[in-house]
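Colleague: structure for this input, please:
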Amino acid sequence: MKWRSWMVFCTLAGVCAAQPRAQGQPAQQGPPKRVCPLSDNQLKKAQDIFAKIADVLRHPRCINCHGAEDPFDKEKASETHSGGFYKVAVDEGGDVDEEKTNAQCTKDCHAGFPGWSMAPNAVFFVGLDNTGLCKLMKFKNVVAHFRNDEGGTQFIAEAFTGRRGLAGQGLDMVGDENPAPVPNTTQPQLTQLVSDWIGAMGGKFQGDERCGCEPVHFAVGVLYHANINMGSVLQQLTEMGPIDVPITFHDDGTYEGTGQLPLAGAGRDRGCASQSEGSLNIRISGKAVEDETNSSMHIELTNTGPATGTTGVQCPMYSGVFPLQGGNKRLVTFDAQGRAGEKAEAPFPLGPLVDAHVQVQIIDLSSPAAPAKP
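Modeller: So this is what the prediction gives:
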């Protein structure tokens, strides 16, 4: 990592110092990612349950209609589909005509199931690992979908029978060669697994598509800056950070994390120069809410004790090294929407002559970092 410049700063407890600023920033791909307020325990439980769901989704009675057999793929149809290749029907505008396309299949082979159709390509299961399948299943009314296809055409019930809606020519082609039954799982049991999976995530889908499907971790970046200018009497531009404090979530959406801010700085007052070095321990805590109707993240920042370290002073008539005067415990609060990269800022009262602010930023530790600029 390359350092761009040295900036002078003051700590939450009032100690002045300097800290290098890093150039590299997390890369953002697409819309900002949402915070995932699940504990490690909730994530593990959700993943363990979904592994059982994924076993059913990959079973031939399920995956056959989700990409394993694709009569409209010219290269693979002869190998995967007993009826061979069928050309996709298009309308006068060149768009896919789903009714005519599916009619080719139901006319002679799949007439045994009224309303039969292939699953759209967007929900093909072939080639997806558990994480990919999990993300695909995070949609509204997913429990009702598995229970009874939300009251529509009963594709899932038909899949559990293994009949594939076959009739006439279709039955003549395959005979009694139906896929083996799904082991130890019925449709009601699968529906219960889906309900348990959501229950493991707090009873609702939270965060973005990754939440509950793969490990995601976040941090809160902290930056403190202040500006004092009293002409020849006192001049000081101060800044502390940034430092990223990893946070750990609990089952109720609350979180906490601790970090140590390094102190190294300089200042000037009435002909005297000073240099400081040391550290300050801080604590980040709060609560995040991430669901379909609400998205918020409350952040509290405090120092857990006074700063420790030393200050060296050089004046025309004397010099010396002294312990840092740490100051009192302070609390600063912020409210954000809970989006990776989002910043929030609050004033930090240090008196009428000091313009001081504390800024926090939500950092997605699971996203790759952008390379540092030269």
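Colleague: the longest strand along the chain: which residues count as buried?
Modeller: When the chain is scanned for its longest strand (criterion: DSSP state E), the result is strand 272-290. Neighbour counts over strand 272-290 (16 or more other CB atoms under 10 Å) mark 274-276, 278-280, 282-288, 290 as buried. (Glycine included, C-beta is placed from N, CA and C.)
Colleague: quick one: contacts for residue 258?
Modeller: If a contact means CB atoms under 8 Å, 6 or more residues apart in numbering, then residue 258 has 245, 281-284, 304 as its contacts.
Colleague: for it, which residues count as its bridge partners?
Modeller: In this structure, residue 258 has the following beta-bridge partners (DSSP bridges): residue 283.
Colleague: where does the stretch 251-374 of the chain dip in pLDDT?
Modeller: Counting by pLDDT under 70, the stretch 251-374 of the chain has low-confidence residues at 326-327, 350-351, 368-374.
Colleague: which residues in the stretch 151-300 of the chain form helices?
Modeller: Remark: helices assigned in the stretch 151-300 of the chain by DSSP state H, counting those that start in this stretch are 155-161, 169-174, 187-200.
Colleague: want to try CSV for those helices, with distance to residue 132, mean pLDDT and mean neighbour count as columns?
Modeller: As requested, these are arranged in CSV below (distance: least, CB to CB, whole Å; pLDDT from 0 to 100; neighbours: other CB atoms under 10 Å):
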stretch, distance to residue 132, mean pLDDT, mean neighbour count
helix 155-161, 20, 94, 17
helix 169-174, 29, 71, 14
helix 187-200, 15, 98, 17
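Colleague: so which of these is nearest residue 117?
Modeller: helix 155-161 (8.3 Å; CB to CB).
Colleague: from the contact counts, what lies against the closest one?
Modeller: Packed against helix 155-161, as judged by 3 or more CB pairs under 8 Å, 6 or more residues apart in numbering; DSSP states H and E, are the following elements: helix 60-63, helix 142-148, helix 187-200.
Colleague: list the contacts for the residue of the chain most remote from its centre?
Modeller: Distance from the C-alpha centroid of the chain peaks at residue 317, with 57.7 Å (CA atoms, centre = their mean). When the contact criterion is CB under 8 Å, 6+ apart, residue 317 has no partners at all.
Colleague: and what of residue 348?
Modeller: Contacts of residue 348 were listed using CB under 8 Å, 6+ apart, and they are 12, 224, 226, 330, 332, 356-358.
Colleague: what about it, distance to residue 227?
Modeller: As judged by CB to CB, to the nearest Å, residue 348 and residue 227 stand 12 Å apart.
Colleague: is it true that residue 80 touches residue 68?
Modeller: Yes - with the criterion set as CB atoms under 8 Å, residue 80 and residue 68 qualify as a contacting pair; they are 6.4 Å apart.
Colleague: before we move on, back to that, and the buried residues of strand 272-290 as a markdown table, adding distance to residue 162?
Modeller: Formatted as a markdown table, the buried residues of strand 272-290 follow (distance: CB to CB, whole Å):
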| residue | distance to residue 162 |
| --- | --- |
| 274 | 81 |
| 275 | 78 |
| 276 | 75 |
| 278 | 71 |
| 279 | 66 |
| 280 | 66 |
| 282 | 60 |
| 283 | 57 |
| 284 | 54 |
| 285 | 53 |
| 286 | 51 |
| 287 | 48 |
| 288 | 44 |
| 290 | 40 |
